[in-house]
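Q: okay, predicted coordinates and the sequence, questions at the end:
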Amino acid sequence: MNSITKRWLRGSMALTVLILVLAESLFLYAGRSSYYAAARQALLSRFSSISGQLKMYSGSTVAASAENRNLALHRMVEQFEDKDKIEFMLLDSEGQALTTSSGSLQAAADQEEDFWKAIDSPSGQGESIYFTGENEKVMAITLLSPYPAGDVAALRMVTSLTLVDEALAQRAWVSLGVAFVVLGFSVYSGLYFIRSIVNPLHQVERTANQIARGDLSVRLPRGGQKDEIGRLCETINRMAEELAKTEKMKNEFLSSVSHELRTPLTSIRGWVETIAALKDPRDENYQKGLSIIAAETDRLYGMVEELLDFSRLQAGIRMECQPLDLVAELTDAALFVEPRIQKAGLSLRYEEPELPLPVWADPKRLRQVFLNILDNAIKYSKPGGAITLELLQDGENVYVLFRDEGRGIDPEDLENVKLKFFKGKNAVRGSGIGLAVVDEIVTALNGSLDIDSRLGEGTTVKVVLPLYRPSAPGEK
C-alpha cells in the first residue's frame, strides 16, 4: 500500500507545492510592485507640488521669470522638509548637480541614468533604481524643468529603498510561514485521508488472500462506511457468497456427472464380462452385448462432448471480428447443410439477396450460429417439411429468419430454451447447450436472439445484428 502514498506524494503533494510556489512568487512580485509604486508616487507627488509653485513665478521679461524660478528652486531645495527621507537635487543641462537638499554634490554623481532617460522621454521624466557607493538601494526620478529656470535643467529626487525592502522581506517571511502552515496541514490531512483508505484495503487484502486460499467462509465486517470502500467490502462479501454457491454447484455437478458416467460404465463392464464368457460370436447375447457396448460408448462420448462444450461456455467466447458480408456467410452455411436437409427428406427455401449486407463479426462464430440453428431445425422437422431462410434489413440492423415446420416448442419451455443444459418436453438428442452458446455469441456481437414457436406448427428463430458502417470507426 506504500505505492498509494508514493503516488499521492508524486501527484497531489507535488501539485500542492507547485501551486504554493507560484502563489508565493505572485504574492511577492505583487507586493514589490505595490511598494515600489508607492515610493514612486511619493516622489511624483512632490514634483507635482513643485511644478505648481513654479507656475506662479514670473517677471517683467522672460529672463526675469527664469531667474525668479531659479531662485525659487534653490530656496525650495534649501527649505525641503522631507530631506531626512528624500534628497532633492537641481541638475544642469549635463546632468550635474547644482545643489542638493543634503548639501552633498557627490550623491548626484552615483548614477545619471534617470537624467538621460528623462532627456530621451517625450514626457521629460526618467527613473532608475540602483545601489549607491555605500551599497544602499535607492530610487531616483528626474523631471525636466517644466519652465525655464536659468541654469536649472532638471529636478531630481532620490529616496532610499532600504525600509521598503525590509518591509518586503518581512512580508515574504510571513507569507512563507503561511505557505508552510498550509503545506503542513495538506500533508497531515492527506496522510490521514490516505490512512483511512489504506487500512481498510489492508483488511480487504487479507480477506481476499484467505478467499484465494479456499476459505470461503471468511467475510469482511458489515455496517461500515457507505462510501467506495464500504461498497468494495460488500462486493467482496457477495463475491465470497457467490463463490461458495459456485463451489456447491460444482460439487453437485461432479456428483451428478459421476453418477451419469457410472451407469454406462457399469453396463459396459457387465457386458464385457458376459461376452468374455461366451465362445461363439454368433450367440445372440454376444451380438446384443456388442450393440449395447457400442451404444453406451456413444453415450459416454456424448457426455464428454457436453462437458467440453460446458467448459468452453464457462471460459467465455473469444471473438476475432472483422467486416463480413452476411449474405455470403449465410449462403455458405445453407450450402453446407443442404445435403443433410435433403437426406432428411426436407426442402430448403432460400433466395439469396443481390446486395451485400455488411456486419462486424467473427466468421467462425457466425458460422457456428447458423449451423447450430439449422441443425436444430433439421432435428425437429418432419420429412416432407421445409426450412426457410430469409434476410431483411431496416438501415440499422439486419434480420436473419430461420423457419421450420417441425414439432415446435411447448409454451412453458419457450422462455427457458436458451438456458444452459435446459431440455424441453419435446427435446431430442443433444447436449442442451446449443442455443445457450448461440445466444452468447449473438449477444457478444451486439445483437439479439429471439425465438417464436407454436406447438405442432414450427419454430422461427430471429437473429438480429447491427449493420456495419465503415464511416463510423469503432462502431460495431
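A: All right, it came through fine. Residues are numbered from 1 along each chain as shown.
Q: sec struct for Phe402, please.
A: Classification of Phe402 using DSSP: H, G, I helix; E, B strand; the rest coil returns strand.
Q: quickly list what it is bridged to.
A: Legend: beta-bridge partners of Phe402 under DSSP bridges are Leu389, Val461.
Q: what's the local residue count around it?
A: 20 (other Cβ atoms under 10 Å). For every residue, glycine as well, the C-beta is placed using N, CA and C.
Q: I'd say it and Asp375 touch.
A: No - using Cβ atoms under 8 Å, Phe402 is not in contact with Asp375, being 10.7 Å away.
Q: which residue, neighbours along the chain excluded, lies closest to Pro148?
A: In space, and not counting its chain neighbours, Pro148 is closest to Ala66: 4.1 Å by Cβ to Cβ, 6 or more residues apart in numbering.
Q: ok so the one you found is a helix residue?
A: Yes - counting by three-state DSSP, Ala66 is located in a helix.
Q: tell me, how many residues neighbour it?
A: Count around Ala66 with other Cβ under 10 Å applied: 20.
Q: got the contact list for it?
A: Gly59, Tyr147, Pro148, Ala149, Gly150 (Cβ atoms under 8 Å, 6 or more residues apart in numbering).
Q: can you select the buried ones among those residues for me in ChimeraX?
A: To isolate the buried members of those in ChimeraX, using 16 or more other Cβ atoms under 10 Å:
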select :149,150
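Q: and the contacts of Ala66, which is closest to Phe193?
A: Distances from Phe193 to these, taken as Cβ to Cβ, are shortest for Tyr147 (70.1 Å).
Q: neighbours of the closest residue to that closest one other than its chain neighbours, how many?
A: Leaving out its chain neighbours, the residue that sits closest to Tyr147 by Cβ to Cβ, 6+ apart is Leu54, at 5.2 Å. Neighbourhood size, Leu54 [other Cβ under 10 Å]: 22.
Q: just the ones of the contacts of Ala66 in strands?
A: The strands, defined by DSSP state E, take in Tyr147, Pro148, Ala149 from the contacts of Ala66.
Q: take those and write them to CSV, including distance to Ser217 and pLDDT.
A: Shown next, in CSV, are the ones in strands among the contacts of Ala66 (distance: Cβ to Cβ, whole Å; pLDDT from 0 to 100):
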residue, distance to Ser217, pLDDT
Tyr147, 102, 86
Pro148, 106, 86
Ala149, 104, 85
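Q: just those now: which is nearest Arg469?
A: Among these, and counting by Cβ to Cβ, the member closest to Arg469 is Tyr147, at 84.2 Å.
Q: report the contact partners of the closest one.
A: The contact partners of Tyr147, by Cβ under 8 Å, 6+ apart, come to Leu54, Lys55, Tyr57, Ser65, Ala66, Arg69.
Q: and the second one, how many neighbours?
A: For Lys55, the tally of surrounding residues (other Cβ under 10 Å) stands at 11.
Q: per-residue pLDDT of it, please?
A: If you check Lys55, the pLDDT there is 79.
Q: quick one, phi/psi of it?
A: With angles defined as degrees, to the nearest 10, Lys55 sits at phi -60, psi -30.
Q: what sits against it?
A: So Lys55 contacts Pro146, Tyr147 (Cβ under 8 Å, 6+ apart).
Q: please apply the same query to the last one.
A: With contact set as Cβ under 8 Å, 6+ apart, Arg69 has these partners: Leu54, Tyr57, Ser145, Tyr147, Pro148, Ala149, Gly150, Val152.
Q: in which helix or strand does Phe80 reside?
A: Using DSSP states H and E, Phe80 falls within no helix or strand.
Q: strands of the stretch 301-450 of the chain, residue ranges please.
A: 322-325, 347-350, 358-361, 386-393, 397-403, 448-454 (DSSP state E, counting those that start in this stretch).
Q: state the distance from the nearest residue to Arg340 once chain neighbours are set aside to Leu290.
A: Residue nearest to Arg340 in three dimensions, not counting chain neighbours: Ile378, with 6.3 Å by Cβ to Cβ, 6+ apart. Note on Ile378: its distance to Leu290, by Cβ to Cβ, to the nearest Å, is 30 Å.
Q: these two: who's more crowded?
A: Ile378 (18 against 13).
Q: wait, the more buried one sits on Ser347?
A: No - using Cβ under 8 Å, Ile378 makes no contact with Ser347, being 11.6 Å away.
Q: give me the common contacts of those two.
A: What both Ile378 and Ser347 touch, as defined by Cβ under 8 Å, 6+ apart, is the set Ile341, Ile387.
Q: Leu290 contacts Ile275, doesn't it?
A: Yes - under the criterion of Cβ under 8 Å, Leu290 makes contact with Ile275 at 7.1 Å.
Q: spit out the contact partners of Arg365.
A: Per Cβ under 8 Å, 6+ apart, neighbours of Arg365: Ile317, Met319, Ile441, Ala444, Leu445.
Q: how far off centre is stretch 234-248?
A: Centre-to-centre, stretch 234-248 and its host chain are 29 Å apart (Cα atoms, centre = their mean, to the nearest Å).
Q: just to revisit the earlier point, same list (the contacts of Ala66) but as a markdown table, adding distance to Leu265.
A: Formatted as a markdown table, the contacts of Ala66 follow (distance: Cβ to Cβ, whole Å):
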| residue | distance to Leu265 |
| --- | --- |
| Gly59 | 139 |
| Tyr147 | 127 |
| Pro148 | 130 |
| Ala149 | 129 |
| Gly150 | 133 |
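Q: of the contacts of Ala66, which is the nearest to Ser121?
A: For these, the nearest to Ser121 is Tyr147 (17.8 Å; Cβ to Cβ).
Q: follow-up on the earlier one: from the contacts of Arg365, which land in helices?
A: Ile441, Ala444 (DSSP state H).
Q: which of the contacts of Arg365 count as buried?
A: Buried, going by 16+ other Cβ under 10 Å: Met319, Ile441, Ala444, Leu445, out of those.
Q: how about the last one, nearest residue that isn't a chain neighbour?
A: Of all residues not flanking Leu445 in the chain, Ala361 sits nearest, at 5.2 Å (Cβ to Cβ, 6+ apart).
Q: kindly report the same for the first one.
A: The shortest distance from Met319 to any residue other than its chain neighbours is 4.6 Å, reached at Asp362 (Cβ to Cβ, 6+ apart).
Q: what about that neighbour, neighbour count?
A: Around Asp362 there are 19 residues (other Cβ under 10 Å).
Q: show the contacting residues for it.
A: Met319, Glu320, Cys321, Gln322, Ile441, Leu445.
Q: residue contacts, the last one?
A: Listed by Cβ under 8 Å, 6+ apart, the contact partners of Leu445 are Met319, Cys321, Val359, Trp360, Ala361, Asp362, Arg365, Leu366, Leu465, Lys476.
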